[in-house]
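Visitor: pasted the sequence and its predicted model underneath.
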Amino acid sequence: MTQNLAYLLGFIGAALMLASYLMKSMLPLRVVALVACCFLAAYGALMQALPTLILYGILVPINLKKTLQMRQLVKAIDNARADTPVSEWLLPHMHRRTVKAGTVLWRQGDEAKEMLYLDQGTLRLQEYGELLIEGALVGEIGLFAPDNKRTLTLVAETDCVLYSLTAEELSLLYYEEPKLAFHVMKVVIARLMHDTDKVRAASRRVPDA
């Protein structure tokens, strides 16, 4: 009887796991994978298959964490006002790191591999001499540029606490929650308009030959 129940749970878990690989929407995929892991962990326990039990027992909390993160992101985007900073949705998926004053984070012309959120400290866009303060999101334009090149050099003016998100991670978030793309595009457009205003202002200060 126990063996029959174990086989039933195992077949259900295997079917759900296979179904999760065929799904394109990330939140349902995570939920189905979580349920599949529970069934397969139960199968391992009933069959006293220790490797199976350990593997899927570990995957249950991992999938649970990913599912909760995804639900929080979807809920945040659905409930967000137009003026809600996009960083509020990105921060749970970003990686914290610290840098010392004087550190060159990237140079003009470097390959764009990440975007940054400045939590503490001050950054400087070297070519403009512009200081970025806490709460600034920077580096997103390079991720969307056709050549993926940095347009400005970024230097840590002071010791800083940063949060980073790689281009691959951002692409995955787009895949998981397409509505995020709209809000990130607003940030990119705002940055381009700001940079355009900077160039125009600089050109007006240059005297005619």
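Guide: Sure, I can see it.

Visitor: care to break this protein down by domain?
Guide: 2-79, 87-205 (automatic domain parsing).

Visitor: tabulate those (TSV), appending mean pLDDT.
Guide: Below are the domains of the chain laid out as TSV (pLDDT from 0 to 100):
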stretch	mean pLDDT
domain 2-79	85
domain 87-205	81
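
Visitor: export the ones you listed to TSV and tack on mean neighbour count?
Guide: Yep, even glycine has a C-beta here, placed from its N, CA and C like the rest. As requested, the domains of the chain are exported to TSV (neighbours: other CB atoms under 10 Å):
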stretch	mean neighbour count
domain 2-79	16
domain 87-205	15
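
Visitor: and the contacts of stretch 22-39?
Guide: Residues from elsewhere that reach stretch 22-39, judged by CB atoms under 8 Å, 6 or more residues apart in numbering: 9-10, 12-14, 16-17, 19-20, 56, 59-60, 63-64, 66-67, 70-71, 74, 175-177.

Visitor: swap that for stretch 119-132, sorry
Guide: Stretch 119-132 has contacts (CB under 8 Å, 6+ apart) with 96, 105, 108, 116, 118, 133-134, 136, 138, 152-163, 198.

Visitor: strands - which of these land there?
Guide: The members of those that map onto strands under DSSP state E are 96, 105, 116, 118, 138, 154, 155, 156, 160, 161, 162, 163.

Visitor: out of those residues, who's nearest residue 46?
Guide: Nearest to residue 46 among the ones in strands among the contacts of stretch 119-132 is residue 96, at 41.5 Å by CB to CB.

Visitor: residue 157 and residue 103: what is the separation?
Guide: 10 Å (CB to CB, to the nearest Å).

Visitor: so who does residue 106 touch?
Guide: 112, 139, 150, 153, 154.

Visitor: max-length helix in this protein?
Guide: Using DSSP state H, we find that the single longest helix of the chain is helix 50-79.

Visitor: can you name every helix or strand that it contacts?
Guide: helix 26-46, helix 87-90, helix 167-176, helix 179-205 (3 or more CB pairs under 8 Å, 6 or more residues apart in numbering; DSSP states H and E).
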